[in-house]
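> Turn this into a model:
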Amino acid sequence: MKITKELSDIIQDSFIEAKKRKHEFVTPEHFLYCSLKYPTLKSIFKILKVDIKQLKEELKIFIETKIPAIDTQKEPEQSYQLQKLFEIAVTHIYNLKKEFISTEDLIVSIFNLQDSYATFFLQKFSLSKSVLLEIIKSDEFKKTRYPSEDDSSDSLNNFFDEDDDLNSKDDEKINKKNKITNFIVDLTEKAKLNELAPFIGRDDLIERVMEILCRKYKNNPLLVGEPGVGKTAIVEGLAQRIIENRVPHQLKGMKIYLLDLGSLISGTKFRGQFEERIKNILNTIKQEKNSILFIDEIHTIIGAGSTSNSSLDAASLIKPFLTSGQIRFIGSTSYDEYRKVFEKDRPLSRRFQKVDIPETSFDETVNILESIIHIFEDHHKVQYTKEAIISSVKLSQKYLKEKFLPDKAIDLIDESGAHARMFNANIKKKIIIDEKDIQNLVSKIAKVPVEMLSSNEKEVLSNLEEKLKGNIIGQDQAIKQVVDKILLARSGLKKEDKPVASFLFVGPSGVGKTELSKQLARFLNIPFLRYDMSEYQEKHTVSRLIGAPAGYVGYEEGGLLTNSIIKNPYSVLLLDEIEKAHPDIFNTLLQIMDYATLTDNNGRKADFRNVIIIMTSNAGTRYANKKQMGFNGTSLKNISIKEALEKFFSPEFRNRLDAIVLFNELGLEQIKDIVKLQLNEFSRTLLEKGIELKFDDELVSYIANISYTPEFGARQIERLIEEKIKNKFVTFLVFNRKENYRYKAEILYNKDKKDDPIDFIFNQIDKIKNDKKIKKKKIEKV
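I've put the predicted structure just below:
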């Protein structure tokens, strides 16, 4: 909307006045105050015979005293009231069909503002809307003040960071083309200037798009595919083909324009601006008669530009052009948005021809990367090996399940180059990026142990059984079963669409079922996820694992289990005391053990293919613990446990397990080994604090004897060690230990003391500069 030179000056003065007084906002009062020194208002008040100086003085006092000043160097912004004033004025001008807006139009609009001090001051000095309109219509005012087109200045939009002028009529054809360049990108021009990335392969998809474009009716392709599969790249490839003249004769000389919908909407504060912009773009492209308009994320045009009072949006504006076939359109969107948004607008979607864009294959992605690798090498000043390119495709395909090729492989190439250059900024020569760099990056992104991505995994797996047996006492057979199944999965002989392994650990309390799960996660260097299934005994608690149904509180948050697996796709998942879970949870587990996937209420898929699932149970052990008659007590116990499992767990559940692992009861000798193991672990903790700990076998036997019960196994050992040994060190560590000294501590069993038969002896070792130890000094005996 064009404005007069006088109005342009008044608006500028208003912003200057607000900035000078350190006001945060420009208000209608600023505008009215600044307009009093210009001819229009002087003429109006002269006709009214009102003293303009008095009005100016009162406005000045109001601005100085009532509008707060703030200590800022920022440019003032328009207030809501000032914005409303301009909106009212623009609507007023549209109704009058005037070509430009003048000072008096804004003064008239002030009377339409509610709760405005500017209105109050005008009314105080005998000026009302009706009086003002009468003066403006008078011959006396028109003769002296009505502006001509030569007086017109900038667009009103320029004062609010607008770059376009949609109403210019000079050199209309050229100007219209210039105006729309702010909102479109000429892809064919970019292809001519070699500014687009090389396009490799996917000839069948480009040919399908060209076939649709050559149709007489419904010649609008709609590219539908997951994010990152190359929908935009296909359109860029078509632009390159047009420049290279490798298209049917119907498409020769065509231009492809990319519509920037964000720029189109931004800054459209006044009603009608958005519609005017998009109509100008469509009319200009229609006049060229050899243009294609590409709308990326085309689902966003549905609802774009509409207001609460209007159903008119960008989709409604392009429908007439789709119907007439005057402009060819290419759209792109994802499957989710196509289903949720685009497909529901039937009149719009039926005018497009859907083209499915699949993820690129392994070989296609390698070829794409090889064709564009020079772009990243030049940008990051690095050099990629052939192995790095292949590794980026292979590892992204295997571990980055939430993204799609070729985008996720390109991301790895780009980020590895950025990382190498960032940490080697001082090296001027090109840095070589190899397979190991890609492995380290994937390990960081996917939270996968780097050993699992390289040959080091063999070393981890070869020592796994030995390490577990060194930390889990008395369960060698159970450990062997578990390790064998994990090795089977890692060898590649197991089906890929199943978890690494699904185990049911069965045995009495305190024999090491949970501890084996923890140690397995520790030695494989992957997260340990534990869920106590006693918390999921009710039917409604199933939703906590996979998410509440739509409409229920918290349904957008997803489920605890699905969120954990999406976040930690490589992990050990422990479902403790599985027999206490609600039967509906077993149905969910059947799906996980069969297909290694679980979909939450938001449609996100949790991938269990790299998860070790362990369920623990005490089922049947209560009856098995009863003393069996005869020499085959152990066999009879195992039989009774298996019978209990068959009664409790359904056949379809048991058949999907890789192994039912039975844990042995712990005898007194195993309990002694566990006591020794935990005391050694406590010794390592003290050594980090400067204390060397020694203990004798009699102490181990004493703790084992008082902690051992067949019902609880090793469960009481940790509590007794904490109660009888660790608590004795608390006072010494907190209050008596000196930072500059090392100590030796001995814990001895004293059979002569009945109440507390444990003696503690601390020896202080003096420490000198060369770290030589001098004489021991006995300082305390408890």
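> Which stretches in the stretch 601-750 of the chain count as helices?
621-624, 633-648, 651-655, 668-688, 697-707, 717-721, 727-731 (DSSP state H, counting those that start in this stretch).
> Residue 516 contacts residue 473, doesn't it?
No - contact criterion CB atoms under 8 Å: residue 516 and residue 473 do not qualify, at 10.7 Å. For the C-beta atoms, the positions are set from N, CA and C on the backbone; glycine is no exception.
> So which of these two has more stuff around it?
residue 516 (25 against 21; other CB atoms under 10 Å).
> what about the nearest residue to residue 589 once chain neighbours are set aside, how many neighbours?
Distances taken as CB to CB, 6 or more residues apart in numbering put residue 653 closest to residue 589, at 7.1 Å, once the chain neighbours are dropped. Taking other CB under 10 Å as the neighbour definition, residue 653 ends up with a count of 19.
> Pipe the helices of the stretch 601-750 of the chain into CSV and attach distance to residue 46 and mean pLDDT per row.
Converted to CSV, the helices of the stretch 601-750 of the chain look like this (distance: least, CB to CB, whole Å; pLDDT from 0 to 100):
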stretch, distance to residue 46, mean pLDDT
helix 621-624, 105, 56
helix 633-648, 100, 66
helix 651-655, 96, 87
helix 668-688, 92, 82
helix 697-707, 106, 80
helix 717-721, 97, 79
helix 727-731, 93, 78
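> Relative to residue 207, which of those helices is closest?
The minimum distance between residue 207 and those falls on helix 651-655, with 48.1 Å, by CB to CB.
> Report all helices and strands that the closest one contacts.
If contacts are counted by 3 or more CB pairs under 8 Å, 6 or more residues apart in numbering; DSSP states H and E, helix 651-655 sits against helix 583-595.
> For residue 462, give its distance to residue 483.
Using CB to CB, to the nearest Å, residue 462 is found at 10 Å from residue 483.
> With residue 127 instead?
Between residue 127 and residue 483 the computed distance is 93 Å (CB to CB).
> outside of stretch 426-439, which residues touch it?
Here stretch 426-439 makes contact (CB atoms under 8 Å, 6 or more residues apart in numbering) with 377, 381-385, 387-388, 390-392, 395, 412, 416-417, 419-421, 424, 450, 453-454.
> again, only this time at 7 Å
Residues outside stretch 426-439 that contact it (CB atoms under 7 Å, 6 or more residues apart in numbering) are 381-385, 387-388, 391-392, 395, 412, 416-417, 420-421, 424, 450, 453-454.
> domain ranges for this protein?
Using automatic domain parsing, the domain parsing of the chain gives 2-160, 172-356, 362-446, 458-662, 668-781.
> Which parts of the stretch 351-500 of the chain are helices?
Under DSSP H, counting those that start in this stretch, the stretch 351-500 of the chain gives helices at 362-380, 386-399, 407-422, 435-446, 450-453, 456-462, 464-471, 476-490.
> do the stretch 101-250 of the chain as well
Under the criterion DSSP H, counting those that start in this stretch, the stretch 101-250 of the chain carries helices at the ranges 103-110, 117-124, 129-137, 139-145, 172-180, 187-192, 203-213, 231-243.
> For residue 504, which three-state class applies?
strand (DSSP: H, G, I helix; E, B strand; the rest coil).
> beta partners of it?
Beta bridges link residue 504 to residue 615, residue 660 when assigned by DSSP bridges.
> Give me the distance between it and residue 316.
60 Å.
> now residue 698
Noted for residue 698: a distance of 90 Å to residue 316, by CB to CB.
> So for these two, which sits in the more crowded spot?
Taking neighbours as other CB under 10 Å, residue 698 and residue 316 compare with residue 316 leading, 19 against 13.
> Can you pull the phi and psi angles for that one?
In terms of degrees, to the nearest 10, the main-chain angles of residue 316 are phi -70, psi -30.
> can I assume residue 590 is in contact with residue 655?
No - applying CB atoms under 7 Å, one finds residue 590 not in contact with residue 655, separated by 9.8 Å.
> And the two? Which one has more around it.
residue 590 (15 against 10).
> Contact partners for the more buried one?
Residue 590 sits in contact with 652, 653, 656, where contact means CB under 7 Å, 6+ apart.
> Report pLDDT for it.
With respect to pLDDT, residue 590 scores 89.
> Against residue 324, how distant is it?
According to CB to CB, residue 590 stands 55 Å off from residue 324.
> try residue 724
Per CB to CB, residue 724 is found 91 Å from residue 324.
> just residue 602 next, same as before
40 Å.
> Counting neighbours around each, name which of these two comes out higher.
More crowded of residue 602 and residue 324, by other CB under 10 Å: residue 602, with 13 against 9.
> Report the separation between residue 442 and residue 392.
With CB to CB as the criterion, residue 442 and residue 392 are 8 Å apart.
> swap that for residue 103, please
Distance of residue 103 to residue 392, computed by CB to CB: 64 Å.
> Please apply the same query to residue 120.
On the measure of CB to CB, residue 120 and residue 392 end up 69 Å apart.
> More neighbours: which of the two?
residue 392 (31 against 11).
> ok, the more buried one - contacts?
Counted by CB under 7 Å, 6+ apart, residue 392 has contacts 369, 409, 412, 413, 438.
> what's the nearest residue to it if we skip its chain neighbours?
Distances taken as CB to CB, 6+ apart place residue 412 nearest to residue 392, at 4.2 Å, with adjacent residues excluded.
> Same check on residue 380?
The nearest residue in space to residue 380 (CB to CB, 6+ apart) is residue 417, at 3.4 Å.
> Show residues contacting stretch 207-216.
219, 221, 234, 238, 247, 248, 250, 251, 292, 328, 353, 355.
> Isn't the second one up against residue 356?
Read that as residue 221. No - Residue 221 lies out of contact with residue 356 (CB under 7 Å); the separation is 11.1 Å.
> More neighbours: which of the two?
residue 221 (28 against 12).
> quick one: the more buried one and residue 609, what's the gap?
Applying CB to CB, the value for residue 221 to residue 609 is 35 Å.
> just residue 706 next, same as before
47 Å.
> The two: which has the busier surroundings?
Ranked by neighbour count (other CB under 10 Å), residue 706 and residue 609 place residue 609 first, with 18 against 12.
> What sits closest to that one if chain neighbours are left out?
Using CB to CB, 6+ apart, the closest residue to residue 609 is residue 596 (4.4 Å).
> Quick one: residues contacting that neighbour.
Contacts of residue 596 were listed using CB under 7 Å, 6+ apart, and they are 497, 498, 499, 607, 608, 609.
> Count the neighbours of residue 190 for me.
Counted with other CB under 10 Å, residues neighbouring residue 190 total 17.
> Run through the residues that contact it.
Taking CB under 7 Å, 6+ apart, one finds residue 196 in contact with residue 190.
> residues contacting residue 113?
Contacts for residue 113 were tallied using CB under 7 Å, 6+ apart; they are 28, 81, 84, 85, 119.
> same thing with residue 673?
Residues in contact with residue 673 (CB under 7 Å, 6+ apart) are residue 473.
> repeat that for 10 Å
473, 474, 666, 700, 704, 714 (CB atoms under 10 Å, 6 or more residues apart in numbering).
> That one and residue 681: what is the separation?
From residue 673 over to residue 681 the distance is 13 Å, taken as CB to CB.
> swap in residue 370?
Residue 370 is 52 Å from residue 681, by CB to CB.
> Then residue 669?
19 Å.
> for residue 701, same thing?
19 Å.
> partner residues bridging residue 571?
Beta-bridge partners of residue 571, as defined by DSSP bridges: residue 611.
> next one: the helix or strand where residue 521 lies to chain centre, how far?
Assessed by DSSP states H and E, residue 521 sits inside helix 513-524. Relative to its parent chain, helix 513-524 has a centroid offset of 31 Å by CA atoms, centre = their mean, to the nearest Å.
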